[in-house]
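Visitor: Next come a sequence and a model predicted from it.
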Amino acid sequence: MATKKQLIPSGQEKDYSHPAVQGVLYCNKLFEYERSYKEKGLSYAQVYKRRQKGAKPVVEGFMRWLDGQHPEKGSRMDRAVTYIRNRKDTLMTYLEDGRCSLSNNPSENSLRPVTLGRKNWMFSDSQDGANASIECNKKSE
């Protein structure tokens, strides 16, 4: 998916009539809610309840707004709209469980040490060297 900087044309970041800006504002609101839940140290059950009150109306409004978007075929906006439409079920699942994350960043970050290590471990010449690499990787986590 296009990033916020790629989607919004330069100089139009504050043009609230621009569809890309409107879409980013919906997303920013959801991430703002998530930051506040984390800062408050809420339990998963509390996060679920807060999402039902705060985030769910934003997601529903976002999906209604998205249904009204008809960007030019093949444009960055078209790709972004299609991306979200194709993941609507996943987005709705995020609302059903306080353990789910709005972003896939935590998942990607948890896999990164394994993928980096795998590349490094290919060149271990012995079992002792491989074990040392694994131990070193564990300490860096």
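Guide: Looks like it arrived, so ask away. Residues are numbered from 1 along each chain as shown.

Visitor: Domain map for the chain?
Guide: The chain breaks down into these structural domains: 4-103, 107-140 (assignment by automatic domain parsing).

Visitor: got the contact list for Leu91?
Guide: Contact analysis of Leu91 by Cβ atoms under 8 Å, 6 or more residues apart in numbering lists Val59, Met63, Ile84. Every C-beta, even on glycine, is put in place using the N, C-alpha and C of the backbone.

Visitor: Narrow those to those that are buried.
Guide: With burial judged by 16 or more other Cβ atoms under 10 Å, the buried subset of the contacts of Leu91 is Val59, Ile84.

Visitor: So which of the contacts of Leu91 belong to helices?
Guide: The members of the contacts of Leu91 that map onto helices under DSSP state H are Val59, Met63, Ile84.

Visitor: What values do phi and psi take at the one residue sitting closest to the centre of the chain?
Guide: If you average the C-alpha coordinates of the chain and look for the closest C-alpha using Cα atoms, centre = their mean, you land on Ser103, 2.2 Å from that point. When quoted as degrees, to the nearest 10, the phi and psi of Ser103 stand at phi -110, psi 150.

Visitor: Please give me every residue in contact with it.
Guide: Applying Cβ under 8 Å, 6+ apart, the residues contacting Ser103 are Phe31.

Visitor: again, only using 10 Å
Guide: Shown here is Ser103, whose contacts under the criterion Cβ atoms under 10 Å, 6 or more residues apart in numbering are Cys27, Leu30, Phe31, Glu34, Tyr94.

Visitor: Out of these, which is nearest to Lys40?
Guide: Distance from Lys40 was checked for each of those by Cβ to Cβ. The minimum falls on Glu34, at 11.0 Å.

Visitor: The closest one touches Leu95, doesn't it?
Guide: No. Look at Glu34 against Leu95 with Cβ atoms under 10 Å: they stay out of range, at 11.8 Å.
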